[in-house]
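Asks: Pasting a predicted model and its sequence here:
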Protein chains: 4
Amino acid sequence: MDFSLDERTELLKKELVDFMYGHVYPNEEAYAKELESLEDPYAWSQAPTLLKLRAEARSRGLWNLFLPGEEGAGLTNVQYAPLAEITGRSRMLAPAALNCAAPDTGNMELLAQFGTQEQKEKWLTPLLNGEIRSAFAMTEPAVASSDATNVETSIVREGDEYVINGTKWFITGAMNPYCKIFIVMGKTDPTAERHKQQSQILVPRDTPGLTVKRAMRVFGYEDHYDGGHAEIEFKDVRVPVSNIIGSEGEGFAIAQARLGPGRIHHCMRAIGMAERAISMMCERADTRTPFGKPLSDQGVVRTWIAESRVRVEQLRLMVMKTAWLMDTVGNKGAHTEIQAIKIATPAAVEWILDKAIQVHGAAGLSQDTFLAGAFAGTRSLRFADGPDEVHLNALARSELKRQRARREARANA
Amino acid sequence: MDFSLDERTELLKKELVDFMYGHVYPNEEAYAKELESLEDPYAWSQAPTLLKLRAEARSRGLWNLFLPGEEGAGLTNVQYAPLAEITGRSRMLAPAALNCAAPDTGNMELLAQFGTQEQKEKWLTPLLNGEIRSAFAMTEPAVASSDATNVETSIVREGDEYVINGTKWFITGAMNPYCKIFIVMGKTDPTAERHKQQSQILVPRDTPGLTVKRAMRVFGYEDHYDGGHAEIEFKDVRVPVSNIIGSEGEGFAIAQARLGPGRIHHCMRAIGMAERAISMMCERADTRTPFGKPLSDQGVVRTWIAESRVRVEQLRLMVMKTAWLMDTVGNKGAHTEIQAIKIATPAAVEWILDKAIQVHGAAGLSQDTFLAGAFAGTRSLRFADGPDEVHLNALARSELKRQRARREARANA
Amino acid sequence: MDFSLDERTELLKKELVDFMYGHVYPNEEAYAKELESLEDPYAWSQAPTLLKLRAEARSRGLWNLFLPGEEGAGLTNVQYAPLAEITGRSRMLAPAALNCAAPDTGNMELLAQFGTQEQKEKWLTPLLNGEIRSAFAMTEPAVASSDATNVETSIVREGDEYVINGTKWFITGAMNPYCKIFIVMGKTDPTAERHKQQSQILVPRDTPGLTVKRAMRVFGYEDHYDGGHAEIEFKDVRVPVSNIIGSEGEGFAIAQARLGPGRIHHCMRAIGMAERAISMMCERADTRTPFGKPLSDQGVVRTWIAESRVRVEQLRLMVMKTAWLMDTVGNKGAHTEIQAIKIATPAAVEWILDKAIQVHGAAGLSQDTFLAGAFAGTRSLRFADGPDEVHLNALARSELKRQRARREARANA
Amino acid sequence: MDFSLDERTELLKKELVDFMYGHVYPNEEAYAKELESLEDPYAWSQAPTLLKLRAEARSRGLWNLFLPGEEGAGLTNVQYAPLAEITGRSRMLAPAALNCAAPDTGNMELLAQFGTQEQKEKWLTPLLNGEIRSAFAMTEPAVASSDATNVETSIVREGDEYVINGTKWFITGAMNPYCKIFIVMGKTDPTAERHKQQSQILVPRDTPGLTVKRAMRVFGYEDHYDGGHAEIEFKDVRVPVSNIIGSEGEGFAIAQARLGPGRIHHCMRAIGMAERAISMMCERADTRTPFGKPLSDQGVVRTWIAESRVRVEQLRLMVMKTAWLMDTVGNKGAHTEIQAIKIATPAAVEWILDKAIQVHGAAGLSQDTFLAGAFAGTRSLRFADGPDEVHLNALARSELKRQRARREARANA
């Protein structure tokens, strides 16, 4: 288990930190205002500041870092982790500036891994170039999305076309008019074996029958910066059969493959958020003197700072171990660890953000600081890709199994 | 210590429950939409639905219930508590419909208790009639508002006028154009004894030099339903000397008098929010079947439900005891208990809301349920009127003092 | 809901507090040493100090306060609660001195309520007089005692005798040689309906076939002060049929009746422990100055003190409400509340004791303070009479049911 | 950062696991009974079972593994960590069997590092050979030992001797009559600079004036297995000047050097305890069926198991990182990380033990399982070497400092 950063990562890290201080942090406020003044505030990808930053990032080689293999930067997870963490410190701007923002990242990975040549040319290339955006349409209002097999949207073959019917919601990015392509998860065969019923299919935004109905909010946020979270209706939406990803019945397996990297990226960025919160908490505690001495002299605030540091250290190590496992034994081999970080990260980061907010008082909940938005995003993670409880249950099941095997091995020894 | 509800309260409770089911709950959605479609979405007090409900409530005798004495309904705290709790179940609509919404309630109490005849006629009467709204301008961005003595806004006498200079923020209600009067806390004499420096003064909205600068958000919410939270600049704002409340140097004492009822009302309503959350959690848990059986069969969810019930029962009893103490020994005598409920309530209710959200999945964080907004409001309470930590510290100080007295009494016995 | 103390209770309380300061606290250390020097250290009921205190308590009318009706002091639960709390402040000595210690209290109630005239004369009278001790033999090592229906000890009728076979453990009091009578729970008819299989039967200590095998420890404590916790074997133990309590098949129902008061007494005393811990924490914090200023000036310690006070206030109110319900609507009507206090009390008191220990450092875990022993006792409560989890589950079930009924009532309105 | 186990460690680990299953676990119960039947139950080092196991361990090369350098096994911290963890699974027997039990380990390190040739020959050699035991006498009842500079025991030079006066308590190991040498911390110069007042000195057990007064208990435990925790009086105790360790005024610095390894060893073993608790929790949950299905099917129990796994994984990584830092940048460079694991480990392991106890019911608190004793030991760690609060405070101070430096660096960039 070796988490040392190699030379290439160290160089990229230095470059990225420079970019953050030189271009990202100074533009955060301007970007936030710009979004509000766009004709469509969800059209984040066209904000002038962002366009400028993307050009700058690309010119510095800070582009598509998330994507392994030749199509991307070719980094391992251990290499990407410290970089993703840094982008998390400016969650609204940095991931987008580097073309490393969800859900595009997951969609690009998916297309790179499972797409046909045609699909790649049509959708992956412009995504890699940052020319269009994409969404991943999985969650449905009527069923518990913690279990992907529950999806009810139907994908029915009729001749050379698939016909799609169903309703999706909380489809991140889909409010952005430049989000041109949706990957839709639905059922092609409800009678098949439970994990073989699903398929994934590409649906262009302008396909007749597809209606973006409304923007879902998270707490009070509309999340313009990532294209919002849409409710979408699919009513007799028709696409050519060539739009299927992989083949019929592979939807569940492909979704699983997509989840591992997605989860670890979320965790990496969440650690960056926690680090920013700790920095802010320390600075505020040093400068605020409610009763004649700085907050940083108060025992309770110190306890929060110390606990935050201790928690973030443990988290980062577990994320790094998971990254290392994904690199060495693959996503499947790292399954339990991916679950572990999915469970531990949002809870710990939420705790840290809550304390940082408390140190900031009302400002901490307002638009004037990074904290409340980060809290909302982190809170969402506690059920994104299935609620904590499902992961805890699954992790316990594998622990129980492992312990049983251990007992049996000893009994037979 | 007797918390039984008397006949009058039982009747009012029955009336109020009828009103909630007959008029409030059925109109919640319409009211939310109406607010968005108003010319000024902060002008909640002019929303047609609300106006209708206010008339209905008033005709049923459900009006100004919060206000003791002849000017109001004349209820004790023990009588008002169960009613306020019920209004908390529909936090956006019910308190406003009954003319029992903060900060008007506190302002009306203040005027009733400390206002001159002229002040009462000019401002209290229209407030009691629901014709205008009001705000309480205390919090400032530059100083720690947990200590009211920190306020830096200056109120300087020049002839027959006071000149006010300073910046306030998070002034709830002040974005509403119908919020016609501000009670402003500032310093008339920075050289006086620490708790005698402050005064409170009435400033009409249209006074020159007063600028409502921007709307502060809370977790993304603009809180149209209560007139938002404004940042306000006072630049050489002049009002006649007769606008002072009480006399110079009494501002701190008056603020303290205002806090007791304000805090307990918040706690009462928060318990109502918790009750609604429990109801929602139970209903959702009964109807959602993610893995083939209802969530309400799952041990973890059951633990949440049970813990929520246990917590809310304890909270309510402590709030009732505090109400009873306020009624029998006065706000000062109930000081420690008021602190105790201020500490315990937001934490417990936040916990319950968090679990209810988790049971609802993404819907729980969205605009489709009551929960996320209630969470944001409850989270704010953890520093409204001073952060938890200040109250914990003060409560510990009085406990330590009490224990010392006890030891000494024993030593001398 | 009226928790005021009436005159009689106030008088008893005054008398009891005098007794505590005059006789109990000053003798705690002597009593602890005496127990160790007894021939049999478990024979607590014969320790000279205790005998003296029992005589004193009795002469002051502080005797059998727990027992309602003519056979006891005739107090209601609301009357007994504040007195039981005070005895909890000296858990090893005060309850025993007042003949109010578990499990004798539960056994006396049981005999008073369900015993025949003969049984009462033989066992209840000497128990009421403090001449003998008793035990309640329910828990078994092989089965989950959280469910009383799991009990496997068999009670088989043969002619005029019952023959008992089985193993019990953690039978509190049974190591004391003066514990002369056991109430044993077993199955008379394993084929009957699930809650009708059990019976309770009186087994004198010296019955052949009954073997007290060993002392179970709790943490490292042997709990001499309450007669320890024994493992007991019953091997063809024969008693006359007249020893059965009530009739065959009533064992479960009788156990349920016994549990209500037992639980609330435990909770009352636990609150007394918490109060003592808070007093000790405050005193220690005032006098210990590790880094040049008293611990009571440190924010973290203050937070513990304040939180402790807030928690204990809530707990006491819930216990008082439960007592009041038991008095007014009976144990069955107070079922949910009894569960609630059973859940909330050990957790809260354990938390408070933990903090008091932390303030005391190593001394807090040692025999030199009251704290560690109280922690161990409180920790045990988290599964005595069924683990928290069982109670949480049951309480959730009744909450879910109540909410369903509420929804249906509204739907039909 | 590389935590991979090298070949030597893998071999030792395999050897140790074999030894655990072949010799340690099977002898745990016998050893516990043996201790009670010894003439002096604190004389753990003479228990026949232990003597046999020590011989066996030594013959297998499992001896003095904790000690770096030529005098010991020469392992790094990264190499020793996984081995120490395994010994923690049998905390009473395994560390002692390998001559790796505290406080001997710390004392041997100290002598190896700071002892004179004469001191080494006289005390280190027999300790390394397991012929004698030792104690470290630091904590005093009268002062807060969280701050080593508070120590009040005086060490006064008179001619060729030092005269020692003072009282120590909770001196682990000192009840064992074979504990032949005490390292005593006291003040040689109370007028010197605060960290130069202290010295450490060797005091043989049989020196006149040294009285072992009584055994302190921890949660009722006398901890025979490690020689108990003694209160010791030093009354005009005289030792030759050559008994001083290092030189006068170096006591504090030497203590600091001793603490790093001591703390990490405790943490490593605590992780082993947590792992054993998880194993036990899983096995019990699989085999106990209170309501017709195994506990391991219940969501709440599963949550505990999963949370336990997640916590232990994070802890272990942080401990490994700390070990690696100690190996690469030294104990001083790893100061913050040592504090971090000292804070995080007891809390997490205590939580896990608590849950494992809950799954075991009453048995979990008794002498029949490993759990309650491990809980008591872990709880003690929360103030051993200074309470958590002191470490949290110190860690916060260094975080605040680091963040200030970071801000300044950026401001100047």
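Replies: Arrived safely, thanks for sending.
Asks: A:A340 reaches A:T322, doesn't it?
Replies: Yes. In this structure A:A340 lies within contact range of A:T322 using Cβ atoms under 8 Å: 7.4 Å. All C-beta atoms are positioned from the backbone trio N, CA, C, and that covers glycine.
Asks: Looking at the two, which one has more neighbours?
Replies: Taking A:A340 and A:T322 together and counting by other Cβ atoms under 10 Å in any protein chain shown, A:T322 has the greater number of neighbours (29 against 26).
Asks: Skipping adjacent residues, who's closest to the more buried one in space?
Replies: Taking Cβ to Cβ, 6 or more residues apart in numbering or on different chains, and ignoring the residues beside it in sequence, A:T322 has A:E337 as its nearest neighbour in space, at 4.1 Å.
Asks: does the closest residue to chain B within the stretch 251-400 of chain A belong to a helix or a strand, and which?
Replies: Closest approach of the stretch 251-400 of chain A to chain B (Cβ to the nearest Cβ) occurs at A:P290, with a separation of 3.2 Å. Taking DSSP states H and E as the definition, A:P290 sits outside all helices and strands.
Asks: what helix or strand is the closest residue to it other than its chain neighbours on?
Replies: Sequence neighbours aside, B:A144 is the residue nearest to A:P290 in space, at 3.2 Å (criterion: Cβ to Cβ, 6+ apart). Taking DSSP H and E as the criterion, B:A144 maps to no regular element, lying outside all helices and strands.
Asks: hang on, isn't B:A144 packed against A:G292?
Replies: No. Applying Cβ under 8 Å as the test, B:A144 and A:G292 come out as separate, 10.2 Å apart.
Asks: With neighbour numbers in mind, choose between the two.
Replies: More neighbours surround B:A144 than the other of B:A144 and A:G292, with 18 against 8 (other Cβ under 10 Å).
Asks: for the more buried one, what are its contacts?
Replies: Under the criterion of Cβ atoms under 8 Å, 6 or more residues apart in numbering or on different chains, the neighbours of B:A144 are A:R288, A:T289, A:P290, A:F291, A:G361, B:N150.
Asks: now do 6 Å
Replies: Applying Cβ atoms under 6 Å, 6 or more residues apart in numbering or on different chains to B:A144 gives the contacts A:R288, A:P290, B:N150.
Asks: swap in A:A356?
Replies: With contact taken as Cβ under 6 Å, 6+ apart, A:A356 is in contact with A:A277, A:M280, A:M281, A:L371.
Asks: Which secondary structure elements does the host helix or strand of A:A372 sit against?
Replies: Using DSSP H and E, A:A372 sits in helix A:371-381. In this structure, helix A:371-381 packs against helix A:251-287, helix A:335-360, with contacts taken as 3 or more Cβ pairs under 6 Å, 6 or more residues apart in numbering or on different chains; DSSP states H and E.
Asks: Compare these and say which comes out lowest on pLDDT.
Replies: Ranked by mean pLDDT, these end with helix A:251-287 at the bottom, a mean of 93.
Asks: Check which residues of the next helix-or-strand element following that one are buried.
Replies: Secondary structure here is assigned by DSSP H and E; on that basis, the next helix or strand after helix A:251-287 toward the C-terminus is helix A:299-333. The neighbour-count check on helix A:299-333 (16 or more other Cβ atoms under 10 Å in any protein chain shown) flags A:299-327, A:331 as buried.
Asks: average model confidence for the helix or strand containing A:Q119?
Replies: When elements are assigned from DSSP H and E, A:Q119 belongs to helix A:117-119. Averaging pLDDT along helix A:117-119 gives 97.
Asks: The closest residue to chain C within chain A and C:T287: what is the separation?
Replies: Distances from chain A to chain C, computed as Cβ to the nearest Cβ, single out A:G299 as the nearest residue at 3.7 Å. Here the distance between A:G299 and C:T287 works out to 18 Å (Cβ to Cβ, to the nearest Å).
Asks: and what of A:V390?
Replies: According to Cβ to Cβ, A:V390 stands 51 Å off from C:T287.
Asks: These two: which is more packed in?
Replies: Summary of the neighbour comparison: A:V390 and C:T287, criterion other Cβ under 10 Å, with A:V390 having more neighbours (19 against 10).
Asks: what kind of secondary structure is that one in?
Replies: For A:V390, the reduced secondary structure class is helix; criterion used: DSSP: H, G, I helix; E, B strand; the rest coil.
Asks: between the contacts of B:A144, which is closest to C:S398?
Replies: A:P290 (45.4 Å; Cβ to Cβ).
Asks: so that closest one makes contact with B:T149?
Replies: No. The pair A:P290 and B:T149 fails to qualify as a contact (Cβ atoms under 6 Å) at a distance of 10.2 Å.
Asks: Could you measure from the residue nearest to A:Y221 when sequence neighbours are not counted over to B:N99?
Replies: Distances taken as Cβ to Cβ, 6+ apart put B:G220 closest to A:Y221, at 3.5 Å, once the chain neighbours are dropped. When distance is defined by Cβ to Cβ, B:G220 is 28 Å away from B:N99.
Asks: which one of the two has more residues nearby?
Replies: Comparing B:G220 with B:N99 by neighbour count (other Cβ under 10 Å), the higher total belongs to B:N99, at 23 against 20.
Asks: any idea which element that one lies in?
Replies: Using DSSP H and E, B:N99 sits within no helix or strand.
Asks: So it versus B:G173, what's the distance?
Replies: Using Cβ to Cβ, one gets 13 Å for the distance from B:N99 to B:G173.
Asks: Helix or strand: which one has A:A32?
Replies: A:A32 belongs to helix A:28-37, assigned by DSSP H and E.
Asks: Beyond that helix, next helix or strand please.
Replies: The helix or strand immediately downstream of helix A:28-37 is helix A:48-59, counting by DSSP H and E.
Asks: Please enumerate residues in contact with that following helix?
Replies: The set of residues that contact helix A:48-59 without belonging to it, under Cβ under 6 Å, 6+ apart, is A:H23, A:N27, A:A30, A:Y31, A:E34, A:W63, A:A97, A:L98, A:G130.
Asks: want to try a markdown table for the residues you listed, with pLDDT, neighbour count and distance to chain D as columns?
Replies: What follows is these, written out as a markdown table (pLDDT from 0 to 100; neighbours: other Cβ atoms under 10 Å in any protein chain shown; distance: Cβ to the nearest Cβ, whole Å):
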| residue | pLDDT | neighbour count | distance to chain D |
| --- | --- | --- | --- |
| A:H23 | 97 | 19 | 14 |
| A:N27 | 97 | 19 | 16 |
| A:A30 | 94 | 13 | 19 |
| A:Y31 | 96 | 21 | 20 |
| A:E34 | 95 | 18 | 25 |
| A:W63 | 97 | 20 | 25 |
| A:A97 | 98 | 30 | 20 |
| A:L98 | 98 | 28 | 21 |
| A:G130 | 95 | 21 | 29 |
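Asks: A:F375: how many residues sit nearby?
Replies: The local packing count at A:F375 equals 24, with neighbours defined by other Cβ under 10 Å.
Asks: contacting residues for the residue lying closest to it once chain neighbours are set aside?
Replies: Closest residue to A:F375 in three dimensions, ignoring its sequence neighbours and counting by Cβ to Cβ, 6+ apart: A:L353, at 4.4 Å. Contact criterion Cβ under 6 Å, 6+ apart gives A:A277, A:L371, A:A374, A:F375 as the residues in contact with A:L353.
Asks: Would you check how far apart A:L353 and A:H360 are?
Replies: Here the distance between A:L353 and A:H360 works out to 10 Å (Cβ to Cβ).
Asks: Repeat that for A:A55.
Replies: As defined by Cβ to Cβ, A:A55 lies at a distance of 34 Å from A:H360.
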